[in-house]
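> Predicted coordinates and the sequence they were generated for:
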Amino acid sequence: MRRLKPDLFDDLCPSSFLPVRMDHRWAPLVMRLLEAAPLRFSELRVVLHRISPKELTRALRMLERDGFVSRATAGRAVTYELTPLGRSLLGALNVVYEWTADHWDELLDARDPVDA
């Protein structure tokens with residue numbers, strides 16, 4: 001049996017800087033919505049009606065912190081838009097979306113026995 005090194009995922013491990021954190025399910029969807037144009041918080045909420053305002057705020061702050069989204073304020077209006085870094089990630093996200101579409105039935109079939 002192969003032993004794993006205890007420092008395999010130390011603080012400087014590249015996997016700790018994964019661009020879209022798998023623990024935040026809404027971040028890729030927010031990025032996809034911002035692909036076409038900057039949007040206000042309320043506009044994002046219309047499409048992402050299943051997410052709470054608190055979770056959307058959390059996703060936007062995380063994306064802003066990581067440099068994928070910028071926040072602009074004009075008076076009381078706040079808009080969010082993708083940064084060049086965020087735009088550079090869209091190609092990789094689209095590959096994942098296409099893979100998911102290609103394997104949709106298999107993914108659902110795999111869940112059925114576990115969910116039953």
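It's in. Numbering: from 1, shown residues only.
> Please make it C-alpha for all contacts and neighbour counts, starting now.
Fine.
> the longest helix in the protein is where?
Longest helix in the chain, counting residues (DSSP state H): helix 84-102.
> so where's the chain shaky on pLDDT?
Counting by pLDDT under 70, the chain has low-confidence residues at 1-2, 4-23.
> the strands in it, which residues?
39-40, 69-74, 77-82 (DSSP state E).
> Tabulate the CA atom coordinates of the last one in PDB.
Listed in PDB are the C-alpha atoms of strand 77-82, where the atom choice follows Å, rounded to 0.1, in the frame of the first residue of the first chain:
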ATOM      1  CA  ALA A  77     -26.700  51.100  -7.900                       C
ATOM      2  CA  VAL A  78     -24.200  48.300  -7.500                       C
ATOM      3  CA  THR A  79     -23.200  46.200 -10.500                       C
ATOM      4  CA  TYR A  80     -21.000  43.200 -10.800                       C
ATOM      5  CA  GLU A  81     -19.000  42.200 -13.900                       C
ATOM      6  CA  LEU A  82     -16.400  39.600 -14.900                       C
END
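> which neighbours does that strand have in its sheet, and in what orientation?
In the sheet, strand 77-82 lines up against strand 39-40 (antiparallel), strand 69-74 (antiparallel) (DSSP bridges).
> So which bits of that strand are buried?
Within strand 77-82, the residues scored as buried using 16 or more other CA atoms under 10 Å are 79, 80, 81, 82.
> Can you give the contact residues for it?
Identification of contacts with strand 77-82 by CA atoms under 8 Å, 6 or more residues apart in numbering yields 31, 34-35, 37-41, 68-73.
> Check the first one too.
Residues from elsewhere that reach strand 39-40, judged by CA under 8 Å, 6+ apart: 77, 78, 79, 80, 81.
> Any idea how far that strand is from the middle of the chain?
Its chain's C-alpha centre and that of strand 39-40 lie 17 Å apart, by CA atoms, centre = their mean, to the nearest Å.
> Tell me which residues are up against the longest helix of the chain.
Defining contact as CA under 8 Å, 6+ apart, one finds that helix 84-102 is touched by 19, 28, 31, 32, 35, 67, 68, 69.
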